[in-house]
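J.: here's a sequence, model it:
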Amino acid sequence: MSTTKISASIQVWLWSTVGMFWPKSADTEQFNQDNGIQKIERGVGFEPLVVQKIIGRFLRVEWVERKAEWVSEQYFLFRREDFTVYLFWFIPILWAKMFTARMQLTGFPYNADRPKCRSLLKYQLECHQPNVLLWLVGWLLLRVVLLRFKIQFWIYDWQINSRPSPPKHRKLRWGAAKKIAAARQALVIEQQKIEPKLWDTIVEWLETYETIRPRERAQAQGLDWHAVLKALVLMATRDLVTIHYDSICQSCRGVKETKTTFKAINPVVPCESCAARYPLTLHQTLEVVAGANPNIAKPRRSQQPTHCLSSPMHSQHIQLELELDPDVACDGIMRRFSSPLESGWYRIRVLGSSAESRFEVVAGSDPGDLFTVVLHRGDQVKLEHSIAYPRQTLCLVNYTGKKAVVVIEQEAWRVDMVSALDLVMLGEFRYNFPSECLPWEVVAGLSMGSGAVGFCDLEKSTTFWALAQDQVQAAITVRRAMLILEKWVESYHGAVLKTTGDGIMALFRRRSDGVLAWLQAQHEIHTSGLPFRARFGLHYGSVFLGSSIVRQFDIMNSIVNFAARLEGKVDLELGDHVVVSQAVREGPRVQALKRDGLIRVEAMGAVALKGVPDEHELFRVYPTAKLLERA
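T.: Numbering: from 1, shown residues only. A predicted model of the protein is given here:
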């Protein structure tokens, strides 16, 4: 019986398209729960996991869970090796070398025999090398199981194509309606900080959803997510909304911790599933999630799901995960498949090693039939090209001499996610929650990634203050200039972190946003009749978030000192311009502004800066008439 195999398969024609049905079928944890099957397990890291389950009083089931593999919207495969059933916990009565479950989805634009069907699902179960007793009942057992699966697939297909029922609203607590009405009167009617339609929409979300991901909800209804986030923060000041932070693993994207304050965040959180420890960063691994305050709506009783990290549905950022067999002869083991990747940047890596590489998928016609990925000894991943094309055939070749699990995942971090950095950049949050400061010992562990730091100084403001007859009127005049600066910083989603009397320090996520905000603010100040002119400098690099002595949000790094020196190199006799570093000039979006004729860049050469070692290349950025007309 060493070479025997029992197999059975089904075909299910579906009304749903592949894109519609994949999320439902790929949620293997829910599928197993619907069919009464033990959920898929995953071991630590990429190694197999030995699983033991007790059934009743007399049976014990044991197997080895192998690493799953899948290609998004095409197929997935799960394997369980050394499956054994013990009677009285130690007498083996049933065993098999391996069980495999394979599902494949294929799309059909039109089928004459089945005009209403748009895709075909094939599901196959196999039992390798069973013992005699299992062989006798296995043929019938597999077909009974597949019949149950087929019915479940039909149910899923019907659920997808039927009209979705509206989500049920939660019952608000006693007095919640009065509190909501009072907050609406203050924030919408009196202060006019939130649009009435947006307020009504968010209140409906609070009544409907247990948790609210601001960007995801905003995109679903065509709203500006910045406005949604601002409104949620303002509603949190009225105790209508609770904001918390989810710590996300950089690899498996699982939520490892949930905290309600920055102070409680751990700078390093271990991930047992990936067998790794990842440092937290505000821009990548801390997601902001909102929900109704418990004083407003009673939380629903919901069991916290234990996500199956081997499930394609719970690893949606992973587009492909395949196991390549070892090649002792070093002739290469090749696997080919049609690329399901959309446009964007992707990372290809090997589990359990540091081997990784990156490539970009761009729209257009592919110049060749294959995009080859080669795995070499010594933790190396080599790509034939750095650019791939949609639906181009990818070819994976393993020269490592051992098994390798290859993962291709989206490089972009959850495009529908609001990070903690997005929240910190919001002025309403910093103003209303000043106590949300980080202790000094965790500053180095919480990175904000890269940002553009800019400084502004009002030229001749000291002379203006000294000669002013009316100091109150002088303060009003300076305040007008400061309001102009704040307006343009906020219009490009920047953050004014501090004022310096007659200037400000601001932070921008993008270099191009800082350039545009400074140029347009400078133009408005110079054309508004104010008695002074503005000088601006901008630098780009890694920044860290910390708390200052006055317990306000601040940024820490050497680029702050570097950026502060740039405004002194502005010569307004040459016309309106901003002095930027080479790191800003090399930004791809800044280069795009230059190509579009919105800015003009002039090199200043190597310049020495006070307190900064060595000389550095600086540049003057001038606005063009095209940019000023657009403003």
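
J.: what's the following helix or strand after the top helix by length along the chain?
T.: Determined from DSSP state H, the single longest helix within the chain is helix 132-161. Downstream of helix 132-161, the next assigned helix or strand under DSSP states H and E is helix 176-184.

J.: tell me the buried residues in the longest helix of the chain?
T.: Leu134, Trp135, Gly138, Leu142, Val145, Leu146, Phe149, Gln152, Phe153, Tyr156, Asp157, Ile160 (16 or more other Cβ atoms under 10 Å). C-beta: built from backbone N, CA, C; applies to glycine.

J.: hmm, the fifth one is touching Leu125, no?
T.: The one in question is Val145. Yes. With contact defined as Cβ atoms under 8 Å, Val145 reaches Leu125; the gap is 6.5 Å.

J.: any chance you could list what contacts the lengthiest strand in the chain?
T.: When the chain is parsed with DSSP state E, its longest strand is strand 91-107. When contacts are defined by Cβ atoms under 8 Å, 6 or more residues apart in numbering, strand 91-107 is touched by residues 17-18, 21-22, 25, 63, 73-87, 118-131, 133-134.

J.: and the strands in the stretch 301-450 of the chain, which stretches?
T.: 318-324, 333-338, 344-350, 356-361, 370-376, 380-383, 387-388, 393-398, 404-410, 447-459 (DSSP state E, counting those that start in this stretch).

J.: let me know which of the ones you listed is the nearest to Thr477.
T.: Closest approach to Thr477 among the strands of the stretch 301-450 of the chain (Cβ to Cβ): strand 447-459, 10.1 Å.

J.: next secondary structure element downstream of the closest one?
T.: Immediately after strand 447-459, counting by DSSP H and E, sits helix 461-467.

J.: buried residues in that following helix?
T.: Ser461, Phe464.

J.: pLDDT at His113, what is it?
T.: Careful, residue 113 is Asp; it's not His. At Asp113, the model reports a pLDDT of 65.

J.: any idea of the mean pLDDT in stretch 32-52?
T.: For stretch 32-52, the mean confidence score works out to 63.

J.: do me a favour and get the end-to-end distance for that stretch?
T.: 17 Å (Cα to Cα, to the nearest Å).

J.: please apply the same query to stretch 36-53.
T.: 14 Å.

J.: sketch out the low-pLDDT regions of the stretch 251-400 of the chain for me.
T.: 251-253, 272-276, 300-316, 327-340, 363-371, 376-379, 384-386, 391 (pLDDT under 70).

J.: one more time with 80
T.: Scanning the stretch 251-400 of the chain with the threshold set as pLDDT under 80 gives 251-255, 262-284, 298-319, 325-345, 351-356, 358-395, 399-400.

J.: beta partners of the nearest residue to Leu572 once chain neighbours are set aside?
T.: Leaving aside its sequence neighbours, Leu572 sits nearest to Arg533 (Cβ to Cβ, 6 or more residues apart in numbering; 5.4 Å). Beta-bridge partners for Arg533, by DSSP bridges, are Glu459.

J.: how about Lys122: what's its closest non-neighbour residue?
T.: Using Cβ to Cβ, 6+ apart, the nearest residue to Lys122 is Gln104, at 4.6 Å.

J.: quick one: strands adjacent to the helix or strand hosting Leu77?
T.: Applying DSSP H and E as the criterion places Leu77 in strand 75-87. If you go by DSSP bridges, strand 75-87 pairs up with strand 59-65 (antiparallel), strand 69-71 (antiparallel), strand 91-107 (antiparallel).

J.: show me how far the first one is from its chain's centre.
T.: Think strand 59-65. 36 Å (Cα atoms, centre = their mean, to the nearest Å).

J.: now do the shortest one
T.: Average the C-alpha atoms of strand 69-71, do the same for its chain, and the two points are 21 Å apart (Cα atoms, centre = their mean).

J.: correct me, but Pro294 touches Thr242?
T.: Yes. If you go by Cβ under 8 Å, Pro294 and Thr242 touch, sitting 7.3 Å apart.

J.: more neighbours: these two, which one.
T.: Thr242 (18 against 11; other Cβ atoms under 10 Å).

J.: so what's that one closest to, chain neighbours aside?
T.: Asn293 (5.0 Å).

J.: Lys460 now?
T.: Phe532 (4.6 Å).

J.: give me the neighbour count for the residue nearest to Thr242.
T.: So Asn293, with other Cβ under 10 Å, has 19 neighbours.

J.: any idea how far it is from Ser72?
T.: 38 Å (Cβ to Cβ, to the nearest Å).

J.: let me know the outermost residue of the chain.
T.: What lies farthest from the middle of the chain is Gln469; by Cα atoms, centre = their mean that is 54.9 Å.

J.: tell me the SS of it?
T.: Classification of Gln469 using DSSP: H, G, I helix; E, B strand; the rest coil returns coil.

J.: quick check: pLDDT value at it.
T.: With respect to pLDDT, Gln469 has a value of 80.

J.: please identify the helix or strand for Ala290.
T.: strand 286-292.

J.: just checking, what packs against that strand?
T.: The contact analysis (3 or more Cβ pairs under 8 Å, 6 or more residues apart in numbering; DSSP states H and E) places strand 286-292 against helix 196-208, helix 225-237, strand 241-248, helix 420-424.

J.: which stretch among these is buried most, on average?
T.: When these are scored by mean count of other Cβ atoms under 10 Å, the highest mean neighbour count falls to helix 420-424 (a mean of 23).

J.: report the distance from it to the chain centre.
T.: 13 Å.

J.: next one: stretch 19-36
T.: 23 Å.

J.: and that stretch, end to end?
T.: 26 Å.

J.: ok, residues contacting stretch 147-159?
T.: 10, 12, 14-16, 21, 24-25, 31, 34-35, 121, 123.

J.: which pLDDT value belongs to Phe76?
T.: 84.

J.: now it, nearest residue through space, not along the chain?
T.: Per Cβ to Cβ, 6+ apart, closest to Phe76 is Trp70, 3.5 Å.

J.: thinking the one you found is in contact with Leu320, fair?
T.: Yes. With contacts counted by Cβ under 8 Å, Trp70 reaches Leu320, the gap being 7.3 Å.

J.: deepest of the strands of the stretch 301-450 of the chain, which one?
T.: Comparing those by mean count of other Cβ under 10 Å gives strand 447-459 as most buried, with a mean of 23.
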